[in-house]
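Q: Just to be clear, the model below is a prediction. Sequence and coordinates:
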Amino acid sequence: YTDQSLGNVLTTFVLCFIHMHHCQPVCSRQGSSEWHPQQHEVQMNWTLAGNICRSFSECWESQKADISAMVKYPQLCPLQLQHGDTLLMMADETLQQYGFRILNVSKSNFESCTSTQAKDQFLFPHNLNESVHVKANWLIPGNHYFIAVHDQDFQLCKLGLRINITVKTQLCQASPLLRPCSGNGICQTELWERAYHCRCHHHYFGRFCEKFDVCLDNPCENKGICLSNGTTDLHHRAYKCLCPPHFTGVNCSEIIGRENCERICENGSCVQVSASSFSCICDTQDSGDNCICL
């Protein structure tokens, strides 16, 4: 084939693909991903036969109109990498025959499919005609924009051969010696986030899930208000209850004065707990509306 013949075949192929595209799923991916401690190899295929998105909602799987993220379409589905992962790039047979190179460009050049094509922009010193690992210097944390070019022609880019790759680091450890999220959460990222963050388990909070909040289950009875100091000490998870009138005790479970107890405890018996406080022991297992049980 000549370049012109291959170009005609490629254009016809793309038009056919666009016609069928709406019947096929776009950018199918997991909603969130978890940080993996071991290095992974991620494969990325340059092709016009699939994995092409043509709108913000298709590319990012969201209907939210985020103007800052809007770019021109079509393009290859955005790719997320964990910092330290390796990236293996390849191309389908049609593109290998056509011949193209890959450029690292700015966001504005990515959107407009333009470039000065300086030597230091090329990912590889040759056409992509075999599987090649991308060097680590192209995959530092942040957003990276790559476009395909045939000789001096940017038609491939305009047809959709361009990709936004986000390399993410994790912000889940105060120190490399500590467990991610203090062992009390999951280190995760969403598609639109720029890094991995902690999603804390129940009761835990803080940037690294290092704090514990016993008040989330509100141990204070009788509408008492729980105040926690967020301690990380598993044996002294301190909290304090602010008790309403007539109630006292660590969890506001005691009633001040026998008269108050007998008035409140209609379906139970008052038992003295201290010199001035009483608890209500229910007559039946069902406490009802007017009995307070310990």
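A: Alright, I've got the coordinates.
Q: what are the ranges of the strands in the stretch 51-200 of the chain?
A: 52-53, 75-76, 79-82, 86-91, 101-105, 132-133, 142-149, 162-170, 185-190, 195-200 (DSSP state E, counting those that start in this stretch).
Q: Neighbouring strands - and their directions - for the first one?
A: Within its sheet, strand 52-53 is paired with strand 75-76 (antiparallel), according to DSSP bridges.
Q: Ranking the strands of the stretch 51-200 of the chain by mean neighbour count, which comes first?
A: With neighbours defined as mean count of other Cβ atoms under 10 Å, these peak in mean count at strand 75-76, which reaches a mean of 25. Where you see a C-beta, it was placed from the backbone N, CA and C, and this is true even at glycine.
Q: So what's the gap between that one and the chain middle?
A: 21 Å (Cα atoms, centre = their mean, to the nearest Å).
Q: try stretch 107-122
A: With Cα atoms, centre = their mean, you get 29 Å for stretch 107-122.
Q: what mean pLDDT does it have?
A: Averaging pLDDT along stretch 107-122 yields 92.
Q: which of the residues in that stretch are buried?
A: 109-113, 115, 121 (16 or more other Cβ atoms under 10 Å).
Q: Pick out whichever of these sits closest to Asn229.
A: Distance to Asn229 across the buried residues of stretch 107-122 (Cβ to Cβ) is lowest for Phe110, with 49.3 Å.
Q: Just flag the most distant two among the buried residues of stretch 107-122.
A: Glu111 and Gln121 (16.0 Å).
Q: quick one on the thing from earlier: can you redo the strands of the stretch 51-200 of the chain as JSON lines with distance to Trp60?
A: Shown next, in JSON lines, are the strands of the stretch 51-200 of the chain (distance: least, Cβ to Cβ, whole Å):
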{"stretch": "strand 52-53", "distance to Trp60": "8"}
{"stretch": "strand 75-76", "distance to Trp60": "11"}
{"stretch": "strand 79-82", "distance to Trp60": "11"}
{"stretch": "strand 86-91", "distance to Trp60": "20"}
{"stretch": "strand 101-105", "distance to Trp60": "20"}
{"stretch": "strand 132-133", "distance to Trp60": "27"}
{"stretch": "strand 142-149", "distance to Trp60": "13"}
{"stretch": "strand 162-170", "distance to Trp60": "10"}
{"stretch": "strand 185-190", "distance to Trp60": "10"}
{"stretch": "strand 195-200", "distance to Trp60": "17"}
